[in-house]
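> Sequence plus predicted model, see below.
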Amino acid sequence: MRDAYIIGAGQTSFGAMPGESYRSLFTEAVDHALESVPAGIDADAVDEAVVGSLGVGGRQIGLSGPAVTEHAGLHGVPSARIENACAASGYAVRQAIQAVRSGMADVALAGGVEVMTDMSGDAAKYWLGVSGETEWERLTGTTFAGVYAQMASAYFDRYEATPEHLSRIAVKNHANGAKNPNAHLGFECSLEDATSAPAVADPLNLYHCCPTSDGAAAVLVAGEEVVGEYTDEPIRVAGVGAASERVGLFQRDTYTGIDSSAVAAAEAYDSAGIDPEDLDFAEVHDCFAIAELLAYEDLGFCERGAAHELVESGATELDGALPVNASGGLKSKGHPIGATGAGQIAEAYKQLRGEAGDRQIPDAEVGLTHNVGGSGGAAVVHVLEREVAR
Amino acid sequence: MSDDPTSEPGVAAIGAYTPRLRVDAEAFEEAWGRFDVAGVEEKAVPEADEDALTMGVAAAGRALDAAGRDGDEIAHLAFATTTPPMAEEELTPRLASVLGAPADAATRTLTGSTRAGAQALAGALDAGPWGNSDAGDADGIGLVVAADCRRGAPDSGIEHAAGAGAAALVLAADAPGTVVDRAAHVASYPGTRFRGAGDDETTGLGVTQYDREAFTAALGGAADGLDADPSGVDAAAVQSPDGKLPYRAAGALGVDTETIAAGETVSHLGDTGAASTFLGAASAFDDGSGQVLIAAYGSGAGANLFVIDGSVPVNAAFSGATDVSYAEYLRRRGEITSGEPEGGGAYVSVPSWQRTTPQRHRLVAGRCPNCGALNFPPGGACRACGGRPDSYEQVELPGEGTVEAVTTIAQGGAPPEFVEQQSRSGPFLSAIVALDGPEGGNVSVPSQVVGDADGVEIGTRVEATTRRIYTQEGVIRYGFKMQPVDRRR
C-alpha cells in the first residue's frame, strides 16, 4: 500500500455568512486548498472528490457532492457526499486517503461544507438533533447539548472533574481562537464569563457549547509517486483510525468516554507507529467542553479520570507540552458540521508547514486530528507527520 | 332496575389520580378581581404532557393495584371522558395496550356527557360478571375508567371551576363492594352546559334557575327509580360542576347536605366532569364510608345513580403538592403559548411507532437467548454479547430503575417538537435510567423524568408512568416517562 500525503488544505472563515451559499463556500475552500499547494496544482489533476456534509437545512441533500464540485469547476470528477454527522468530512478525508492509497486516484479532494445560520433557531435545533438516536433518545426531548450534558453528569459523578474544568477549556480555546483570523468566535473570554454563562443543559452552560457556523474546508491528498510534483516538504498521512459506536448513548457500555474515539486513536497510533507522547499538537473534537475533556482520555493523553489534572497543569494550552485546539477548536473557531473534520486537517497542515501565524506551535512535526460524529456514533483520527525535505 | 344484585359484578376497588399541581381561588381573585365559583378553594392542574388518557392510565393502575388484579384479567374495559384527546379515533385500545388487557376484551368509549363515567359503569354492570369459574376459567374483571381535563373560556366560571382528575373502578364477582341499587333517568333540558363540534371550551347559557331545575329534575327522577330511599348512605358523590350545585340536589336525592359534603372533591380538585362522582366515591370510601351514593348528572339532561355498599379498597393520589400562580396556570393550559414552532420534529412514522408499542406502553424488553442480557428495545445485535439471536425472549420490565445520567434541558433549549411542552411546563429532565429486570440485571433506557423532579440526580430511584411523548402528523404518541419513587403520592 502506497503512502498518501496532504499536499494542500484550506478553509473559508467559519461564521455567519449570509452572503454565501453552500456552493460558493465550498468553491472558496477548494480555491484555498489549491492555492496552498507549494508547487502549485491544476484543478484538472483531481481524480476523485469526496464531500462531507450533514445537509443541515435540507437544501441539496441529494447529489450534494456533484452540486458543489461542479460549481467549483471540477467538471466530470467522480464526486459523492459522505454523511457521518459532525465527522462527515473527517471521513471524507479518510475516503480520499483510501482512494489514493489503493491507487485508484493519484490526487483526491476531500472537503466539507455546511450552512447553519440562515434558518430559525428552532430549525437549527431540529437539525442539530438529527444525529442523535431518533426513535428513543431524541424523544426524551433531548438535544445535542443534552446528550453531552448527560455524559458530563456521569463523568462528574464518577470522577473529580467539575464544571469549572469545562470553563477552563473554553477559556483556552477562545484564547487560541482569538489568534485565528478564520475563527467564528475569535475573542478571548474570562473564566468568569465561562463559569457564569446561562445554562443550556445542566451541567453545560453557553460557554461549554460550540456555535453553529457556516463554512467549508478542503484537503488535497496525493500518492507517493506524484507528491514530488507538488511539494518538497510533504506532509505524510502517518496514521488513520476510525470506528463506530452505538448511536444512542443509552445503548453504550460507558457514558464517561467515547469508545469509538479510543478505538480510532489506538488504530491511528498503531498505524503511525507512535505513542501519544510523540505528538506535538492535537486538534480534537470539542463540540462541547466535556467532549474535549473526554477526548484527553480517549486519545490517551492521560489516564481515565485524570483529564481535569491535565487541564489544571496547562499542558494543553498553546505554550504547553501538548497544545490542544490551537485553532480555537470547535468552540471558538466554529463548527460548520460537515466542514469541521476537513477544517481540522487544514489547521494541522498549516501548523506542520509553519504557517499558523500567531498561534504557530514551534517546530511542529507530528499532529493529530480527532473528529467525532454526533455524540460518538462515529469517530475518525488522523496522524500527520512533516517529512524532511527530499 | 337491579332486581338481582348478585347476578352483577361488584366493585373490587377504586383507583384515583389527580395531577400534582394546584391553583387556588386567591390566584384567580388576584388576576380577575374575583373568583366566579362557589365552593372551590383550589383545583388540580394537569401538566402539558397529561391528558384524559394519561390520567386514566394512572387511575386504572392504582385501581388494579388496590384490587390485587392484573391488566391481563380485563374482560371489559370502558373509558369515559368529556375531553377525549382526539375527537375521532378511539383511545380505549391504547388504554388497553398500556394496561396489558387481552385483545378480545370488550371495549367501550363514552363521551359527550359528564355522566359518561356513570353510563360506562351501568353498561359494565349489565355486561358482567365475566369469565366462568365453573369451567375453570380465570374470573375476568371489568374496568371502568373515567378521566377529564375540563376547559372553558378563561373569563368564564366554567373555566374557573375546570379541574382535572381520573378514577377507575375494578368490577368483579364476589367483590367487597356491592351495587345494591341503581337507576337512571333522562329529561330533555337543552342549553345548560354544552360544547359545539370542533370547540374545545365548554360553555353554558347561565340561566340559573333553569340549570338548577334541569339538575334536580334529572337526579330526582333517577332517585324515584331506586328501590330504596338512599337517605341512609354515609356519603353522596354528587356531580359537581361547581361547589354549590350538588347541594341543590339534596332534596331531590333525599340525602342531607352533610352526606353530600362527605362525598365531594370539587373544593380541592375543581370540576372533574366524567370522573367527578367516581372521585367523590373514592374519597368517601377512603375516608371509611360503608355505603356511598353515586349521583352522576350530564347536561341534556340525564342522571345515573348507584348505591355501593361495602368496604371498597381505594388507592388514590388526591394530595396536591405544588401551588402554581395564575400565570403558570395559563401556561399549563396552553392559553398563552403558541404551539409547536416551524422547524421540524424527530420523524418517527406512525407505522414504525406502532411497531414499538409493546416497549412504549409496557416496557417489553428482550432477553438474549445466548447470553441472557436484557436489550431495550429488543432487536438487532445483542448489546452485551454482540450476537444476532433469531429472536429475543419477551420480558416485561417491572418499571422501576435508577438514574444513570441526567440533564435539565434549560428553558428555550428544547428541540421544536418539545417547545410547546417546555413553554407550558418549563425545563424538563432528560435522563438515562437503568431499569430493573424482573429477575435481576437491568437495561438502560432514555426517558424524561417528570412530576416532582427537583433534586433528581444519578442514583435516584424512579418508576414508570405514562405520558404524552409528542404529537406528529396529528397523531398523539403516548409512552413511558419516569417519576421519582420517593415522591410517590
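Thanks, I have the structure now. Residues are numbered from 1 along each chain as shown, chains lettered A, B, ... in the order given.
> I'd say A:G112 and A:Q344 touch.
No. Counting by Cβ atoms under 8 Å, A:G112 stays clear of A:Q344, with 10.1 Å between them. To be clear about C-beta, it is placed using only N, CA and C from the backbone, and glycine gets the same treatment.
> Neighbour count: those two, which is higher?
Legend: neighbour count by other Cβ atoms under 10 Å in any protein chain shown for A:G112 and A:Q344, higher for A:G112 (38 against 33).
> which ones are touching the closest residue to that one other than its chain neighbours?
In this structure, A:G112 finds its nearest non-sequential neighbour in A:S89, 2.7 Å apart by Cβ to Cβ, 6 or more residues apart in numbering or on different chains. Residues near A:S89 by Cβ atoms under 8 Å, 6 or more residues apart in numbering or on different chains: A:51-53, A:82, A:110-112, A:217, A:338-343, A:371.
> please redo it, this time with the cut-off set to 7 Å
A:52, A:110-112, A:217, A:338-342 (Cβ atoms under 7 Å, 6 or more residues apart in numbering or on different chains).
> What about those, which are in helices?
A:340-342 (DSSP state H).
> tell me which of the residues you listed is nearest to chain B?
In terms of Cβ to the nearest Cβ, no member of the ones in helices among the contacts of A:S89 lies closer to chain B than A:T340, at 21.0 Å.
> Quick check: pLDDT value at the closest one.
A:T340 carries a pLDDT score of 98 in this model.
> for A:V388, same thing?
Reported pLDDT for A:V388: 68.
> again with B:R488
Per the predicted model, pLDDT is 86 at B:R488.
> ok, and the closest non-adjacent residue to it?
B:E463 (7.2 Å).
> Please verify my assumption that the one you found contacts B:K481.
No. With contact defined as Cβ atoms under 7 Å, B:E463 does not reach B:K481; the gap is 10.1 Å.
> The residue nearest to A:G112: which element?
helix A:88-102 (DSSP states H and E).
> for B:I308, same thing?
strand B:300-310.
> Show me which residues of chain A sit near chain B.
By the rule Cβ under 7 Å from any Cβ of the partner chain, the part of chain A lying against chain B is A:120, A:122-123, A:125-126, A:129, A:134-143, A:145-146, A:149-151, A:153-154, A:157, A:199-202, A:248-251, A:255.
> Of the contacts of A:S89, which pair is most distant in space?
A:A110 and A:T340 (12.7 Å; Cβ to Cβ).
> more crowded one of the two?
Neighbours were counted for A:A110 and for A:T340 using other Cβ under 10 Å; A:T340 has more, 35 against 32.
> For B:V406, state which of the ones in helices among the contacts of A:S89 is nearest.
For these, the nearest to B:V406 is A:T340 (27.9 Å; Cβ to Cβ).
> can you pull up the bridge partners for the closest residue to the closest one other than its chain neighbours?
Of all residues not flanking A:T340 in the chain, A:C86 sits nearest, at 5.8 Å (Cβ to Cβ, 6+ apart). Taking DSSP bridges, one obtains A:N84 as the residues bridged to A:C86.
> count of neighbours near whatever residue of the stretch 251-400 of chain B ends up closest to chain A?
As assessed by Cβ to the nearest Cβ, chain A sits closest to B:G343 within the stretch 251-400 of chain B, at 3.5 Å. For B:G343, the neighbour count with other Cβ under 10 Å is 18.
> Ok, the one 4 residues further on next?
By other Cβ under 10 Å, the residues close to B:Y347 number 14.
> Can you give me the pLDDT of it?
92.
> Check the gap between it and A:R81 for me.
20 Å (Cβ to Cβ, to the nearest Å).
> Give the residue spans of the chain that score low on pLDDT.
As the question left the chain open, I've gone with chain A. Scanning chain A with the threshold set as pLDDT under 70 gives A:388-390.
> think we crossed wires, I meant chain B
For chain B (pLDDT under 70), the answer is B:1-6, B:132-138.
> mind running it again at 90?
B:1-8, B:36, B:131-139, B:317, B:319-322, B:339-345, B:412, B:487-489 (pLDDT under 90).
> Outline the domain layout of chain B.
Using automatic domain parsing, the domain parsing of chain B gives B:7-333, B:350-487.
> Out of these, which one sits most buried?
Among these, the stretch with the highest mean neighbour count (mean count of other Cβ atoms under 10 Å in any protein chain shown) is domain B:7-333, at a mean of 22.
> Nearest the geometric middle of the chain, what residue?
No chain was given, so I picked chain A. The centre of chain A sits closest to A:G341, judged by Cα atoms, centre = their mean, with a distance of 3.3 Å.
> Chain B is the one I meant
Centre-nearest of chain B using Cα atoms, centre = their mean is B:G56, 2.4 Å out.
> quick revisit: can you tell me which of the residues of chain A next to chain B end up in helices?
A:122-123, A:125-126, A:129, A:145-146, A:149-151, A:153-154, A:157.
> need those residues in CSV with neighbour count, can you?
Formatted as CSV, those follow (neighbours: other Cβ atoms under 10 Å in any protein chain shown):
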residue, neighbour count
A:D122, 18
A:A123, 19
A:K125, 25
A:Y126, 25
A:G129, 27
A:A145, 29
A:G146, 32
A:A149, 31
A:Q150, 29
A:M151, 27
A:S153, 27
A:A154, 22
A:D157, 16
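> Quickly check those residues for the two that are furthest apart.
A:A123 and A:D157 (33.9 Å).
> Bridge partners for B:V179, pull those for me.
With DSSP bridges as the rule, B:V179 is bridged to B:I308.
> From chain A, how far off is it?
According to Cβ to the nearest Cβ, to the nearest Å, B:V179 stands 43 Å off from chain A.
> interface residues of chain B facing chain A?
So chain B meets chain A at B:341-346, B:348, B:356, B:383, B:404-410, B:413-416, B:418-419, B:421, B:428, B:430, B:432, B:444-448, B:458, B:469-470 (Cβ under 7 Å from any Cβ).
> Out of these, which sit inside strands?
B:404-409, B:428, B:430, B:432, B:444-448, B:469-470 (DSSP state E).
> which among those gets closest to B:A252?
B:A252 lies nearest to B:I469 out of those, by Cβ to Cβ, at 45.2 Å.
> Return the residues in contact with the closest one.
A:139, B:477-479.
> what two of those have the greatest distance between them?
Most distant of the contacts of B:I469, by Cβ to Cβ, are A:L139 and B:Y478, 11.5 Å apart.
> In strands, which of the contacts of B:I469 fall?
Reading strands off the contacts of B:I469 with DSSP E, I get B:477-479.
> Looking at the contacts of B:I469, which one is closest to B:A282?
B:Y478 (23.9 Å).
> Any idea what that closest one is bridged to?
B:R468.
> where does residue 263 land in three-state SS?
Let's take chain A. helix (DSSP: H, G, I helix; E, B strand; the rest coil).
> my question was about chain B
Strictly by three-state DSSP, B:G263 counts as coil.
> re earlier: return the distance of the residue nearest to the centre of chain A relative to B:A303.
Distance from A:G341 to B:A303, by Cβ to Cβ: 71 Å.
> Could you report the distance from the residue in the stretch 101-250 of chain B that chain A sits nearest to to B:G273?
Nearest to chain A in the stretch 101-250 of chain B, going by Cβ to the nearest Cβ, is B:C149, at a distance of 21.3 Å. Separation of B:C149 from B:G273 (Cβ to Cβ): 8 Å.
> any common contacting residues for these two?
Both B:C149 and B:G273 are in contact with B:T83, where contact means Cβ under 7 Å, 6+ apart.
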